[in-house]
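Asks: Show me how the following folds:
(one chain, ligands or ions: 1)
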Amino acid sequence: MLISGKELANEVKDQVRERVEKLKETYGREPHLVLILVGDDPASRTYVAGKYNDANSVGFRVTRLHLSAATTEKDLLALIDRLNGDLTTDAILVQLPLPDHINEQKIINSINPHKDVDGFHPENIAALWQRREGYVPCTPRGIIRMLDWKGIEIDGKHAVVVGRGNIVGLPVSKLLLDRNATVTLTHSRTPDLGSLTRQADILIVAAGSIGLIHGDMIKPGAIVIDVGINRNPETGKLCGDVIFEECEKVAGMITPVPGGVGPMTKACLLENTVECFIDNENRNRNSSMMTI
Ligand code: NAD
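Replies: Okay, the predicted model is just below:
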């Protein structure tokens, strides 16, 4: 039983495309997403190209800025500052990781939280943990969407999350807690990982470690969400953290890699962009009323 993130992502894209048409009628313009890529990391180039194509396909205005790897932190901060102040820029995404000479956290902190479409700014993280309104990071949001789409009950279930990264593990744990799951959050220092993963009704693996989860680490019938993106050194193909061939025989439902969480991450980026747009339009209107 596959959970096809690709199929759901196509549904989400259709919904966003329809919404953009209506937004254009109401506001006279389409949402504007700015994608910033610094350097030439091949994986980052691929991610940005995918985001660009998706955003174009739903009718957004998309600006792709490709800066050289030698770009200074100061110049990048100045660019973000300009975009923060630009009334027609709704959403700003800086593709991570950044070159070593740029302080990543400083860059994240510099993005206007209302335009922080990735939901990485401390204000948005705080909003998530305090159950206030804010932007939820795209991958965790996409995971919950997939569970809901498949009618998988979260309330009262035991969810085990492997990996406590800021982008996936930590925020998805919080979203699961908010939906009344009992959550066990594990990481690289967790002894005997299998003894915990075998208890999971819902297992979410976001470690970035190829071949980490074997078939005998899964409770029969469990829901397995494989977030990992790795490249198999032998075949060169993309694969997750879960040994798919072993785990699909035991799991009740499982996401493939590719075609699982990845497409939903990009789809949720589109939804977050629409939310940034509406937020920006409302703020622009309020400030022009104050000026009058
Ligand atoms: P991260 O480096 O921030 O976190 C990784 C976490 O995994 C850490 O908490 C670490 O302790 C844990 N970990 C590593 N090895 C482990 C092991 N052997 N046992 C238990 N825990 C272990 O990474 P991240 O940003 O959270 O990303 C995790 C993975 O998810 C990566 O493969 C990344 O490429 C992928 N990812 C995929 C998407 C998507 O859209 N599919 C989005 C974001 C990240």
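Asks: now the residue in the stretch 51-200 of the chain that the ligand sits nearest to, what's its secondary structure?
Replies: Checking the stretch 51-200 of the chain residue by residue against the ligand with CB to the nearest ligand atom singles out residue 165 as nearest, at 2.4 Å. Yep, even glycine has a C-beta here, placed from its N, CA and C like the rest. On the three-state scheme (DSSP: H, G, I helix; E, B strand; the rest coil), residue 165 is labelled coil.
Asks: Tell me which residues touch it, please.
Replies: Under the criterion of CB atoms under 8 Å, 6 or more residues apart in numbering, the contact partners of residue 165 comprise residue 206.
Asks: Backbone dihedrals for it, please?
Replies: Backbone dihedrals for residue 165, given as degrees, to the nearest 10, come out at phi -70, psi 160.
Asks: That one and residue 179: what is the separation?
Replies: 20 Å (CB to CB, to the nearest Å).
Asks: all helices for the stretch 101-250 of the chain, in order.
Replies: Taking DSSP state H, counting those that start in this stretch to define them, one finds helices in the stretch 101-250 of the chain at 104-110, 122-129, 138-149, 169-178, 193-197, 244-247.
Asks: State the mean pLDDT of the shortest one.
Replies: In this case it means helix 244-247. Mean pLDDT, helix 244-247: 97.
Asks: what sits up against that helix?
Replies: 213-216, 218, 224, 226, 254, 256-257.
Asks: Which PyMOL command selects the buried ones in those residues?
Replies: To isolate the buried ones among the contacts of helix 244-247 in PyMOL, judged by 16 or more other CB atoms under 10 Å, type:
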select buried, resi 213+218+224+226+254+256+257
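Asks: ok, so of the contacts of helix 244-247, who is nearest residue 71?
Replies: Nearest to residue 71 among the contacts of helix 244-247: residue 257, at 31.7 Å, using CB to CB.
Asks: is it true that residue 6 touches residue 259?
Replies: Yes. Applying CB atoms under 8 Å, one finds residue 6 in contact with residue 259, separated by 4.6 Å.
Asks: And the closest residue to residue 250 other than its chain neighbours, what's its pLDDT?
Replies: Distance criterion CB to CB, 6 or more residues apart in numbering; nearest residue to residue 250, sequence neighbours excluded, is residue 218 at 4.6 Å. Confidence at residue 218, expressed as pLDDT, is 98.
Asks: One more: residue 57?
Replies: Per-residue pLDDT puts residue 57 at 97.
Asks: Report how many residues lie close to the nearest residue to it once chain neighbours are set aside.
Replies: Using CB to CB, 6+ apart and skipping the chain neighbours, the partner closest in space to residue 57 is residue 13 (6.6 Å). Residue 13 is flanked by 19 other residues according to other CB atoms under 10 Å.
Asks: measure residue 13 to residue 270 for me?
Replies: With distances taken as CB to CB, residue 13 is found 7 Å from residue 270.
Asks: Find residues that contact each of these two.
Replies: 54, 58.
Asks: my guess is residue 181 meets residue 157, correct?
Replies: Yes. Under the criterion of CB under 8 Å, residue 181 makes contact with residue 157 at 5.1 Å.
Asks: returning to that earlier point: I'd like the contacts of helix 244-247 laid out as CSV, including distance to the ligand.
Replies: Shown next, in CSV, are the contacts of helix 244-247 (distance: CB to the nearest ligand atom, whole Å):
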residue, distance to the ligand
213, 9
214, 12
215, 17
216, 16
218, 15
224, 14
226, 8
254, 14
256, 11
257, 7
